[in-house]
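Undergrad: Here is a sequence together with a model predicted from it:
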Amino acid sequence: MKGLRTAVRYWEASNEPDLRGPGLQFFVGKPREYVDLLADTYRAAKSASKKAKVLIAGAAGGNSGFLAFWRKVFSDRRTKRSFNIANVHCISNDDYTSLNVAPYKQLLQEKGIKKQIWVTEAETFVSQEPALNATLLRDASRQAFDLGAKRVFYTSIDFEAPGGDKPPKPDKGIPDVTPDPSIPIGDPIATYRRIFESLNSG
């Protein structure tokens, strides 16, 4: 792109094409049509710069419905050569204890695809208790990195007022997690700083 002081190096080919239904929908088409878009995006990005990296669109989650779409995408012979970085989202859904990396990585392995994984939307707002959400995000991030994720991008900085719909009350689906009192709540920067310190210390 002419006029940019810094070249764009990373391109994401659409967003959550597996998200179906009457509500929010980013892509209207079949898996084969998404592969068409992905292949065209890859060629365009690489023609602009050989250093460009293409992320496949973020999977909306890790349940069987979302992954059924991606199973068809990854079964297309063109897909493997049309992206550099695998991509999954976790909007407090499905296997949020790994930020959905576990089921997504399993699918990649099933299809013989070896690509680095990024989580480009990550959150674990599954409780009314901010400290529990922060602790769970730390633990889920650690699990995601242990499974091989290379980058994690968080959706909200504020654990007390994350935005969007009000988080659900704790239920039987939430793992037995005890809030870590060493994670400060009230100052979002301090919260994330403590989470990152914990992740970096192993």
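TA: The structure has been received and is ready for your questions.
Undergrad: can you give me the helices for this structure?
TA: Assigned by DSSP state H, the chain shows helices spanning 31-48, 64-75, 101-110, 130-146, 188-200.
Undergrad: The third one - contacts with which helices or strands?
TA: Yep, that's helix 101-110 we're talking about. Packing contacts for helix 101-110, counted by 3 or more C-beta pairs under 8 Å, 6 or more residues apart in numbering; DSSP states H and E, involve helix 64-75, strand 85-91, strand 116-123, helix 130-146. Just so you know, the C-beta spots here come from the backbone N, C-alpha and C atoms, and that holds for glycine as well.
Undergrad: Show me what the longest one is packed against.
TA: The one in question is helix 130-146. Using 3+ C-beta pairs under 8 Å, 6+ apart, helix 130-146 is in contact with helix 101-110, strand 116-123, strand 149-154, helix 188-200.
Undergrad: And it, what's buried?
TA: 130-145 (16 or more other C-beta atoms under 10 Å).
Undergrad: How far off centre is it?
TA: With C-alpha atoms, centre = their mean, to the nearest Å as the basis, helix 130-146 stands 14 Å off its chain's centre.
Undergrad: just the first one next, same as before
TA: Mean-position distance between helix 64-75 and its chain equals 16 Å (C-alpha atoms, centre = their mean).
Undergrad: do the third one as well
TA: A distance of 3 Å separates the C-alpha centroid of strand 116-123 from that of its chain, computed with C-alpha atoms, centre = their mean.
Undergrad: Provide the strand pairings for it, with the direction of each partner.
TA: Here strand 116-123 has these sheet partners by DSSP bridges: strand 85-91 (parallel), strand 149-154 (parallel).
Undergrad: wait, residue 58 sits on residue 17?
TA: No. The criterion here is C-beta atoms under 8 Å, and residue 58 misses it with residue 17 at 9.3 Å.
Undergrad: hang on, the earlier thing: just so I know, which of the helices and strands packed on helix 101-110 lies nearest residue 8?
TA: Checking those against residue 8 by C-beta to C-beta gives strand 85-91 as the closest, at 14.3 Å.
Undergrad: and the helices and strands packed on helix 130-146 as JSON lines, adding distance to residue 42?
TA: Shown next, in JSON lines, are these (distance: least, C-beta to C-beta, whole Å):
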{"stretch": "helix 101-110", "distance to residue 42": "17"}
{"stretch": "strand 116-123", "distance to residue 42": "16"}
{"stretch": "strand 149-154", "distance to residue 42": "19"}
{"stretch": "helix 188-200", "distance to residue 42": "32"}
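Undergrad: Would you tell me which one of the ones you listed is buried the most?
TA: Among these, strand 116-123 has the highest mean neighbour count (mean count of other C-beta atoms under 10 Å), at a mean of 22.
Undergrad: Using TSV, please lay out the strands paired with strand 116-123 together with mean pLDDT.
TA: TSV is the format used below for the strands paired with strand 116-123 (pLDDT from 0 to 100):
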stretch	mean pLDDT
strand 85-91	98
strand 149-154	98
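Undergrad: Reformat the ones you listed as JSON lines; add distance to residue 37.
TA: Putting the strands paired with strand 116-123 into JSON lines (distance: least, C-beta to C-beta, whole Å) gives the following:
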{"stretch": "strand 85-91", "distance to residue 37": "14"}
{"stretch": "strand 149-154", "distance to residue 37": "22"}
